[in-house]
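> Structure for the following, please:
(one chain, ligands or ions: 1)
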Amino acid sequence: MSATTFKMDEGWLEFHPNPSIPEFNVPVGAVDAHCHVFGPGDKFPYAPTRKYTPCDASKDQLWALRDHLGVERNVIVQATCHGTDNRALIDAVNHSAGKARGVASVSRDVSDAELQSLYDNGVRGVRFSFVKRLVDVLPHDTLLEVGERIQAYGMHLVIYVESQDLPELYEFFSLLRGTIVFDHMGRPNVSKGANGAEFDRFVNMLRENENMWAKVSCPDRLTVSGPPAYDDVVPFAKRLVETFPDRVLWGTDWPHPNMTSHMPDDGKLVDYIPKIAVTAESQQKLLVDNPMRLYWPEELKQ
Ligand code: 0GY
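The predicted model follows:
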């Protein structure tokens, strides 16, 4: 493979070079359940179909952040800039000494051998984006077919969708089998309120479908009031943590693709956790027990 040099998009915000040391001590065994690796592009080229070209963000930089924040494990989620080429993700998982798992992206014609190989390389979920600015085609058919096939491997679905599109997708998502994890709380519009009709819809969907989980991640993407407190996002995440304590995950979203308002300080994202999970018990579930059940279940059976 010849090395390709990529230039990140004009105005791209790079991840924080020097995040603060969190004041909040995460429980032993905490998992950052939503983060990415980007490239490096000369080794793992970005997809021709990508909607953005990011800065490189390597596995070693991710491990450095993990250690700095005091978390122990990562779930690396395939970002759309790599399309369905999961090599950067697999490379990272395979060099994590068992401390990372992956969520991949696949095409409709993925073979059984490829699915098995992804599983063997630490992939435990497959992600589908319904965020229109990130994909050319909404993946209904692929999701139906692949979503059914991954059940045999014990893998789950991860869905990225925005709240304004949920009404037309609600019934469709409710038909899906197996565990489904929604990124970033289904991206609520926080100006509509944590008890407003829009977020009620998301909460109701989880209430009606016990196979559905939510990541209480990305206050930085959702906030209107801004960093570092992200106070306007707290009631949304807190509502989910308190209503579905066994079906929530937390993640940094490092290296924070497509941020335009600001680049979050990852240390402050850790300090946000005790505001949304206010008891030691809920923190243990959010950061350790829940992600371990989904991504390292074999370690719980011992
Ligand atoms: C995120 C959010 C974004 C990007 C992606 O796969 C992606 O490209 O997920 C976004 O632009 O909101 O979770 O990383």
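
> quick one: buried residues of the helix or strand harbouring Met205?
Using DSSP states H and E, Met205 sits within helix 197-208. Across helix 197-208, burial judged by 16 or more other C-beta atoms under 10 Å covers Glu198, Phe199, Phe202, Val203, Met205, Leu206. Quick note: C-beta positions are derived from backbone N, CA and C, even for glycine.

> List, out of those, those positioned next to the ligand.
Among the buried residues of helix 197-208, no residue is within reach of the ligand (C-beta under 6 Å from any ligand atom).

> List just the nearest of those to Leu222.
Phe199 (10.9 Å; C-beta to C-beta).

> Which residue ranges of the stretch 1-150 of the chain form strands?
Secondary structure of the stretch 1-150 of the chain by DSSP state E, counting those that start in this stretch: the strands cover 31-35, 73-77, 100-104, 123-129.

> Please tabulate these in a markdown table and include mean neighbour count, mean pLDDT and distance to Gly193 as additional columns.
Formatted as a markdown table, the strands of the stretch 1-150 of the chain follow (neighbours: other C-beta atoms under 10 Å; pLDDT from 0 to 100; distance: least, C-beta to C-beta, whole Å):
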| stretch | mean neighbour count | mean pLDDT | distance to Gly193 |
| --- | --- | --- | --- |
| strand 31-35 | 27 | 98 | 24 |
| strand 73-77 | 26 | 98 | 28 |
| strand 100-104 | 26 | 98 | 30 |
| strand 123-129 | 22 | 98 | 26 |
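
> Go through those strands and name the closest to Tyr230.
It's strand 31-35; of the strands of the stretch 1-150 of the chain, that one is closest to Tyr230 (C-beta to C-beta) at 15.8 Å.

> just how off-centre is the closest one within its chain?
Relative to the mean C-alpha coordinate of its chain, strand 31-35 is positioned 7 Å out (C-alpha atoms, centre = their mean, to the nearest Å).

> rewinding a little: which single one of the buried residues of helix 197-208 is nearest to Trp250?
Comparing the buried residues of helix 197-208 against Trp250 with C-beta to C-beta places Leu206 closest, at 16.0 Å.

> What parts of the stretch 51-200 of the chain come near the ligand?
Counting by C-beta under 6 Å from any ligand atom, the residues of the stretch 51-200 of the chain that sit close to the ligand are Ala79, Thr80, Cys81, Ser129, Leu134, Tyr160, Asp183.

> okay, the helix or strand encompassing Asp220 in CSV with CA atoms only?
Applying DSSP H and E as the criterion places Asp220 in helix 219-222. Provided in CSV are the C-alpha atoms of helix 219-222 (Å, rounded to 0.1, in the frame of the first residue of the first chain):
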residue,chain,number,x,y,z
PRO,A,219,-22.4,17.3,26.4
ASP,A,220,-19.9,19.3,24.3
ARG,A,221,-21.9,18.6,21.1
LEU,A,222,-25.3,19.2,22.7
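
> Now it: average pLDDT?
Mean pLDDT, helix 219-222: 98.

> before we move on, back to that, following the helix holding Met205, which helix or strand shows up next?
From helix 197-208, the next helix or strand downstream (DSSP H and E) is strand 212-215.

> Establish whether that next one and the ligand are in contact.
No - Strand 212-215 stays clear of the ligand (C-beta under 6 Å from any ligand atom), getting no nearer than 8.7 Å.

> Can you give the distance of that strand from its chain's centre?
Counting by C-alpha atoms, centre = their mean, strand 212-215 comes out at 10 Å from the chain centroid.

> Run through who's touching it.
For strand 212-215, the surrounding residues in contact (C-beta atoms under 8 Å, 6 or more residues apart in numbering) are 33-34, 173, 179-186, 202, 205-206, 240, 244, 247-251, 290, 294.

> again with stretch 191-210
By C-beta under 8 Å, 6+ apart, stretch 191-210 touches 163-164, 166-167, 170, 173-174, 180, 182, 185-186, 188-189, 212-214, 224, 232, 235-236, 238-240, 243-244, 247.

> Thank you kindly, that will do.
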